[in-house]
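Novice: Return atomic coordinates for the entry below.
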Amino acid sequence: MKPHLSRLTLAALAVAGCLLATGPSRAEKFSDARIRFELNASAGDGGIQINVDATGWNRLEVFDPSGQKIFDVFGSHSVGATGVTELFFESAEPSFEDLPLDQLLIRFPAGTYSFEGVTADGARRLAGSATLSHRLPAGPRIVAPSEGSTLSASAPLVIDWDPVTQRFPGSTLPVTIAGYEVIVEQDKPQPALPRSFDITLPASVTRVTVPPQFLRTNTDYKFEILAIEQGGNQTISEGSFKTAP
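Specialist: Numbering: from 1, shown residues only. Below you'll find the model as predicted:
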């Protein structure tokens, strides 16, 4: 037998539906609402990512610049009554062979995306907006370490790349890099060992040193360098290395 919704939850969801359909003219703002492309230059694929945050909501709708609803989610039962705060999700990332970049851009047009929601008690509307651009940076060209190299775990690891100045192949708009993010992870994480090194850097920095305290002997690692465009879109270049026994 399916559990029944409480009267309180049913009432809140009913009010939420009415608010989204008609709603007061004034709404509180989501504390965070973002949408961006993430492309992978190494894997040759791409998709979108969305972040949203507010205190205690149980309904969220996202609309593209034309007003077409592209995402709709609501909490029910215990989650609906308690409410949700931060939500992050990303779309599937089909290869550019299956979904060419120009078709991906048509699917997600540039412009203002609208976010609408309702609080868990059904009493207040939430609203927000985010701009999606088609300014797509090229993936960073990795200088060091070389792919598949074997390194000493007792020495600092230097990750080096060329500054990104070009747009992603197939895109047409110029780009301005706001910064970089470097992530280093064990290929097969081991319990009780540091799992990842993650640092965000300004656009003027194209080299970072990973302290030897992070590295372990005889371990496979993978790393990513993300070029982050001023509009929020980001492109990944991937690499890997291993440490000597």
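
Novice: Which residues are in contact with the residue nearest the centre of the chain?
Specialist: The centroid of the chain falls nearest to residue 49 when counting by Cα atoms, centre = their mean (4.2 Å). Residues in contact with residue 49, defined by Cβ atoms under 8 Å, 6 or more residues apart in numbering, are 34-38, 88-91. For the C-beta atoms, the positions are set from N, CA and C on the backbone; glycine is no exception.

Novice: which residues does it form a beta bridge with?
Specialist: Beta bridges link residue 49 to residue 36, residue 90 when assigned by DSSP bridges.

Novice: picking that back up, including pLDDT, could the contacts of residue 49 go into a markdown table?
Specialist: Formatted as a markdown table, these follow (pLDDT from 0 to 100):
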| residue | pLDDT |
| --- | --- |
| 34 | 98 |
| 35 | 98 |
| 36 | 98 |
| 37 | 98 |
| 38 | 98 |
| 88 | 97 |
| 89 | 97 |
| 90 | 97 |
| 91 | 97 |
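
Novice: Looking at those residues, which one is closest to residue 167?
Specialist: residue 37 (12.2 Å; Cβ to Cβ).

Novice: The closest one - how many residues pack around it?
Specialist: Neighbourhood size, residue 37 [other Cβ atoms under 10 Å]: 28.

Novice: quick one: the closest residue in space to it that isn't next to it in sequence and residue 133, what's the gap?
Specialist: Once flanking residues are discounted, residue 37 sits nearest to residue 233: 4.4 Å by Cβ to Cβ, 6 or more residues apart in numbering. In this view, residue 233 and residue 133 are 6 Å apart by Cβ to Cβ, to the nearest Å.

Novice: Out of those two, name the residue with the larger neighbour count.
Specialist: residue 233 (25 against 17).

Novice: correct me, but the more buried one touches residue 138?
Specialist: No: using Cβ atoms under 8 Å, residue 233 makes no contact with residue 138, being 11.4 Å away.
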